[in-house]
Structures are given as C-alpha cells and as structure tokens.
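Asker: could you look at this predicted model? Sequence included:
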Amino acid sequence: MYLMQEALAREHMSARLAEAREQRRAALVARARRSARLAERHALRARLLKAQVI
C-alpha cells in the first residue's frame, strides 16, 4: 500500500511540474508576441516619421 501511495505522489508531482513548465512556456510565448508587436509599432512609427521628413 505504501508503494502505491508513493507512486501516486510521484505521479502527482510529475504532473504539477509538467503543468508549471507549460505555463512558463506559454508566458514566454506571450511575452515574445507582445515584444514583437511593440517592435512592429515602433518600426511603423519610424517609417512614418521618416516619410514626413523627406
């Protein structure tokens, strides 16, 4: 019985670690997307300003 509880506890911990890894990966992807959108906005603004100067 003790081995079964230990196996269940190990499986539960493994699942929680996998979930935490997935959440960190999702947060990283979201941060990268926000950064890319911001960079695109800045690039567009720079192009518009350059067009006004010329």
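Answerer: Yep, that arrived.
Asker: would you list every one of the helices in this protein?
Answerer: Ranges of helices within the chain are 2-53, based on DSSP state H.
Asker: residue 34 - how many residues pack around it?
Answerer: Using other Cβ atoms under 10 Å, residue 34 has 10 neighbouring residues. In this view, the C-beta of every residue, glycine as well, is placed from N, C-alpha and C.
Asker: again, but for residue 6
Answerer: Applying other Cβ under 10 Å, I find that residue 6 has 10 neighbouring residues.
Asker: residues contacting it?
Answerer: Contacts for residue 6 (Cβ atoms under 8 Å, 6 or more residues apart in numbering) come out as none.
Asker: for it, give me the pLDDT.
Answerer: Reported pLDDT at residue 6 in the predicted model: 95.
Asker: just residue 1 next, same as before
Answerer: 71.
Asker: all further residue positions should be reported with the first residue as 44.
Answerer: With the count now opening at 44, the last piece we talked about shows up as residue 44.
Asker: burial count for it?
Answerer: The burial count for residue 44: 5, using other Cβ under 10 Å.
Asker: now residue 55
Answerer: The local packing of residue 55 (other Cβ under 10 Å) involves 10 other residues.
Asker: then residue 90?
Answerer: 10.
Asker: same thing with residue 59?
Answerer: There are 10 residues near residue 59, going by other Cβ under 10 Å.
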